[in-house]
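Colleague: Need a 3D model of the sequence below.
(4 chains)
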2 protein chains.
Amino acid sequence: MPYDPSAFPPFAVTVDLVVLTVRRHALCALAVRRGEPPFQGRWALPGGFVRADEDLAQAAARELAEETGLRVHDPAVPAQDNGAHLEQLATYGDPKRDPRMRVVSVAHLALAPDLPAPRAGGDASNARWAPVEELLQQGGYGRDGEPVTPLAFDHAQILADGVERARSKIEYSSLATAFCTSEFTVGELRRVYEAVWGVALDPRNFHRKVTGTPGFLVPTGGTTTRQGGRPAQLFRAGGATLLNPPMLRPEV
Amino acid sequence: MPYDPSAFPPFAVTVDLVVLTVRRHALCALAVRRGEPPFQGRWALPGGFVRADEDLAQAAARELAEETGLRVHDPAVPAQDNGAHLEQLATYGDPKRDPRMRVVSVAHLALAPDLPAPRAGGDASNARWAPVEELLQQGGYGRDGEPVTPLAFDHAQILADGVERARSKIEYSSLATAFCTSEFTVGELRRVYEAVWGVALDPRNFHRKVTGTPGFLVPTGGTTTRQGGRPAQLFRAGGATLLNPPMLRPEV
DNA sequence: GATCATAGTCGTCTGCCTGACGATAAGCAC
DNA sequence: GTGCTTATCGTCAGGCAGACGACTATGATC
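Modeller: Below is the predicted model:
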């Protein structure tokens, strides 16, 4: 049976990225300013077309590198530094989600340690880390005093789904370490949980939990005082990826 | 800026379905026989092209209805009978996954109660429920004595991902009730867990757990002896969708 | 109709984990 | 040193899960 192009409607396929990090005790996402219609001047998630010979994960990794310079953490190299976690999130294909044409977007979720500064094709004014709370807010004014405009397209929904995925996934996996630098303290890891969940956790119980879970953390031997106070032991993420029993998210 | 079709490569977009049910104490998936190349004569997951004016979820629901006659359970109508659960699973877009052209497939996961018989365009010999273990098996012979051939395309991977999603999701949600008819007993629900996880559960502890979780089960007042033995209370799925604390899957 | 097999339901006990919280340790700023 | 900060160890009570005993109510079989 020959290939019949009339048998199916053509789609454009893109990848959109929810890139999350923790800055100043807040969960932040990478946003880029749109330079062209539709939604010109509005903030959006980074993303772009999937190329003809490219896998979806490749396209997402390429976009991530283009926007942030981050390489993707290869699970086969556990000790790799500064690698970001990247996973597929969900696919959005409402016929009206892009007014120009039929676009199906495969959204990906990336988790990264706090980065120096975003870059978007070298133009820093067109990319920023913004607290997800602010990006998802409806109306009102941001902390910079500018009026808040909703994200372009259906990106608010995509961002909300990504945040929810991250929030639930750090419960039962060691994914929270993806927000930390290669060596980190128990307190730093706890502040990641607190920022992502937006709650306060008991330092003593948290310490007991993470140090008591085999394979979660491995001590490097060093200590640091970069958080002030008594010197804290430094750890690296252990090989365990699943937390059993899970970290319990407090009721809100 | 005008719409420029040359700016992106065209893709075909399909939905593929992992339809799971529990039959005779085994987790089974719906498979259809391919009538045309590539992989002619091989078993595959049901699916088809997304139409030009159709949302992804609509396309998946349409395919599900075409293959099984099942309607999708609407969460707004909790008491609806025989509705299947349908959710997006993941998207597969390797450039070589279909030798004919560039196809991106948005896989969906459907959970259904045991059904009378599959239908595939009215031709029953081209559709069947098969134990997932058999569909995922590499080589050897099936229980009908025929040699086992792998599923077409990357459908073995898609099926494995769907099964894994179902296995993990019944831990912390009330999704296992989607495998049951509208009224069911605690024992029937337990056999669902046992079939999906492939383990044996203690009937007494299971009973305590599910009846003690508020909102999970609501008694209908009736009883049944359809499983033999002492009459069992009939229940309907309650409004709760999340199980907290979750059902614990025994170590293997 | 007695006996048996089958499934359902209620309890008990023990160990583990969590949440609450006291106490101590070890840095820095003054 | 005093005070402040963060880290770390310990204790205790309550809740939940696994193991398992006991009892109940059907249908099947003799």
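Colleague: The closest residue to A:Val19 other than its chain neighbours: what's it in contact with?
Modeller: Spatially, and ignoring its direct neighbours in sequence, A:Val19 is nearest to A:Leu30 (4.0 Å; C-beta to C-beta, 6 or more residues apart in numbering or on different chains). To be clear about C-beta, it is placed using only N, CA and C from the backbone, and glycine gets the same treatment. Listed by C-beta atoms under 8 Å, 6 or more residues apart in numbering or on different chains, the contact set of A:Leu30 reads A:17, A:19, A:21, A:45-46, A:67-68, A:118, A:127-129.
Colleague: Quick one, grab the pLDDT at A:Leu30.
Modeller: At A:Leu30, the pLDDT value in this model is 95.
Colleague: what's across from it in the sheet?
Modeller: In this entry, A:Leu30 is beta-bridged to A:Trp129, by DSSP bridges.
Colleague: so how far is A:Arg23 from it?
Modeller: A:Leu30 sits at a distance of 11 Å from A:Arg23 (criterion: C-beta to C-beta, to the nearest Å).
Colleague: between the two, what contacts are shared?
Modeller: Once C-beta under 8 Å, 6+ apart is applied, the residues that A:Leu30 and A:Arg23 both contact turn out to be A:Trp129.
Colleague: Would you mind listing the buried residues in stretch A:58-73?
Modeller: Of the residues in stretch A:58-73, those with enough neighbours to count as buried (16 or more other C-beta atoms under 10 Å in any protein chain shown) are A:58-64, A:67-68, A:70, A:72-73.
Colleague: Now the two most distant members of the residues you listed.
Modeller: A:Ala59 and A:His73 (17.3 Å; C-beta to C-beta).
Colleague: which bits of chain A sit near chain B?
Modeller: When proximity is defined by C-beta under 8 Å from any C-beta of the partner chain, chain A lies next to chain B at A:1, A:3, A:5, A:7-13, A:36-37, A:49-56, A:88, A:90-95, A:100-102, A:104, A:106.
Colleague: one more time with 7 Å
Modeller: Near chain B, the residues belonging to chain A are A:1, A:3, A:8-13, A:36-37, A:49, A:51-56, A:88, A:90-91, A:93-95, A:100-102, A:104, A:106 when assessed by C-beta under 7 Å from any C-beta of the partner chain.
Colleague: And the residue nearest to A:Val19, how far from B:Arg165?
Modeller: For A:Leu30, the distance to B:Arg165 (C-beta to C-beta) stands at 28 Å.
Colleague: One more: A:Thr91?
Modeller: Taking C-beta to C-beta as the criterion, A:Thr91 is separated from B:Arg165 by 15 Å.
Colleague: Compare those two and say which is more crowded by neighbours.
Modeller: Relative neighbour count places A:Thr91 above the other of A:Thr91 and B:Arg165, with 25 against 19, counting by other C-beta atoms under 10 Å in any protein chain shown.
Colleague: residues contacting the more buried one?
Modeller: A:104-107, B:56, B:88, B:91, B:106 (C-beta atoms under 7 Å, 6 or more residues apart in numbering or on different chains).
Colleague: Are any of these buried, and if so which?
Modeller: When neighbours are counted using 16+ other C-beta under 10 Å, these contain these buried positions: A:104-107, B:56, B:88, B:91, B:106.
Colleague: which ones among those are found in strands?
Modeller: With strands identified by DSSP state E, the entries of the buried ones among the contacts of A:Thr91 that belong to them are A:104-107, B:88, B:91, B:106.
Colleague: among these, which two are most distant?
Modeller: Among those, A:Ser105 and B:Gln88 lie farthest apart (C-beta to C-beta), at 12.8 Å.
Colleague: Which helix or which strand is home to A:Glu134?
Modeller: Using DSSP states H and E, the element containing A:Glu134 is helix A:132-136.
Colleague: which helices and strands does the helix or strand that comes right after that helix pack with?
Modeller: Counting by DSSP H and E, the next helix or strand C-terminal to helix A:132-136 is helix A:155-172. Secondary-structure packing of helix A:155-172 (3 or more C-beta pairs under 7 Å, 6 or more residues apart in numbering or on different chains; DSSP states H and E): strand A:12-23, strand A:85-92, strand A:103-111, helix A:132-136, helix A:186-197.
Colleague: Repeat the analysis, applying 8 Å as the threshold.
Modeller: Counting by 3 or more C-beta pairs under 8 Å, 6 or more residues apart in numbering or on different chains; DSSP states H and E, the packing neighbours recorded for helix A:155-172 are strand A:12-23, strand A:26-33, strand A:85-92, strand A:103-111, helix A:132-136, helix A:186-197.
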